[in-house]
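K.L.:
this is a predicted model, with the sequence first.
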Amino acid sequence: ASPTVTAAASIAAAAATAAAAAAAAAGGAPSPAPSGPCDYILAVVSLGSGVRYHPTRPDALTGRCAVSPTLVLHQLPAERVCASALWVSVFRLHSVEAGATRDGTEAAAAVLYERLLPLLGRRPLAHHFTHDQLPSGGRGLNSGGRGGV
């Protein structure tokens, strides 16, 4: 692999390790072991309109649902993670589609969470939730996989 790809993979691995540690510190379940030598882990962090697609869990102290700002996708095939078309689409959503309007931001979040991320992982987002997490309200999360209500 080229030095750029190797450096990017190292950065991605470090980010995934940090995200998994943060999720574990926040009470999340431990990450599943990779099923192959080329599996990737991707963490998506959002405090904006995308957070409605992130998992929730009941807060033990208040009884309310607490939304996790981090969505961790496990066992992603390398050929999908390294595909430039995916990253061009993500960049376009972030820079062009979202724009400055709330409607543009919500539409971009819908495309990312309802189309691109499930395509990347070849399964619904709810599959990546742990047994104690629930979808927070995004559409398309309950169609198969774990965590449905």
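P.N.:
On my side now, so go ahead.
K.L.:
His94: what secondary structure?
P.N.:
helix (DSSP: H, G, I helix; E, B strand; the rest coil).
K.L.:
how much space between the residue found closest to it once you drop the neighbours it is linked to in the chain and Arg64?
P.N.:
Closest residue to His94 apart from its sequence neighbours, by CB to CB, 6 or more residues apart in numbering: Ala108 at 7.1 Å. For every residue, glycine as well, the C-beta is placed using N, CA and C. The span separating Ala108 from Arg64 equals 28 Å under the rule CB to CB, to the nearest Å.
K.L.:
is the residue nearest to His94 located within a helix, as I assumed?
P.N.:
Yes. Counting by three-state DSSP, Ala108 falls inside a helix.
K.L.:
can you tell me how far Ala66 is from Ser46?
P.N.:
Applying CB to CB to Ala66 and Ser46 gives a distance of 15 Å.
K.L.:
from what I can see Pro118 touches Leu112, true?
P.N.:
No. Look at Pro118 against Leu112 with CB atoms under 8 Å: they stay out of range, at 10.0 Å.
K.L.:
after the helix or strand of the chain with the lowest mean pLDDT, which helix or strand is next?
P.N.:
Counting by mean pLDDT, DSSP states H and E, the weakest-scoring helix or strand in the chain turns out to be helix 3-25, with a mean of 51. Later in the chain than helix 3-25, the nearest helix or strand by DSSP states H and E is strand 39-45.
K.L.:
quick one on the thing from earlier: neighbour count winner among Ala108 and Arg64?
P.N.:
Between Ala108 and Arg64, Ala108 has the larger neighbour count (other CB atoms under 10 Å), namely 22 against 9.
K.L.:
quick one, which of Ala66 and Ser46 is more surrounded?
P.N.:
Counted by other CB under 10 Å, Ala66 and Ser46 do not tie: Ser46 has more neighbours, with 18 against 15.
K.L.:
all set now, cheers.
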